[in-house]
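S.K.: Need coordinates for the below:
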Amino acid sequence: MPLWFGNEHAQGDENPVYGTARVLLGLDVDLIRGEAHASDCRGRAVRWLLRAQNIDGGWGGDRGVMSSIEETGIVLAALGRRSSSEAEGVREALSRGVRWIREAVTDCPQDAISLEPID
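M.R.: Just a heads-up that it's a prediction; the model follows:
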């Protein structure tokens, strides 16, 4: 079975938030970190992710899609590597995202979170 990184709540079952965050993480590798094109792509990805953040502080599969732990977590990992000078608002977005994910996990019943690997 192929892996699917879509989001059933997003139009066309796509997941541009997850994809953009993964690409942003990939653009941090030493091999291309200093390249101008990679820097431009990182800036565009950061700005897009900042605009995609939901009003509740989390991220869903796309702009306006219900926030989820999965998408919020991957965006926090990607944005957490940014310096505050790379894009205005990164620190505030991170704070809001961390607050959202903390509340989402705290409000969740203990038996609702499975910490087992997916087969």
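S.K.: tell me which element the residue most central in space within the chain falls in.
M.R.: With distances taken as Cα atoms, centre = their mean, V75 lies nearest the centre of the chain, 1.9 Å away. Per DSSP states H and E: V75 is located in helix 69-79.
S.K.: Next secondary structure after that helix?
M.R.: Beyond helix 69-79 toward the C-terminal end (DSSP H and E), the next one is helix 90-107.
S.K.: Next, the buried residues of that next one.
M.R.: Neighbour counts over helix 90-107 (16 or more other Cβ atoms under 10 Å) mark 90, 93-94, 96-97, 100-101, 104 as buried. Yep, even glycine has a C-beta here, placed from its N, CA and C like the rest.
S.K.: quick check: angle from that helix to helix 69-79?
M.R.: Helix 90-107 runs at 150 degrees relative to helix 69-79, counting by axes from the mean of the first three to the mean of the last three Cα atoms, to 10 degrees.
S.K.: Touching helix 90-107 from outside, list them.
M.R.: Helix 90-107 has contacts (Cβ atoms under 8 Å, 6 or more residues apart in numbering) with 46, 49-50, 53-54, 56-59, 67, 69, 72-73, 75-76, 79-80, 82, 84, 113.
S.K.: Lovely, talk soon.
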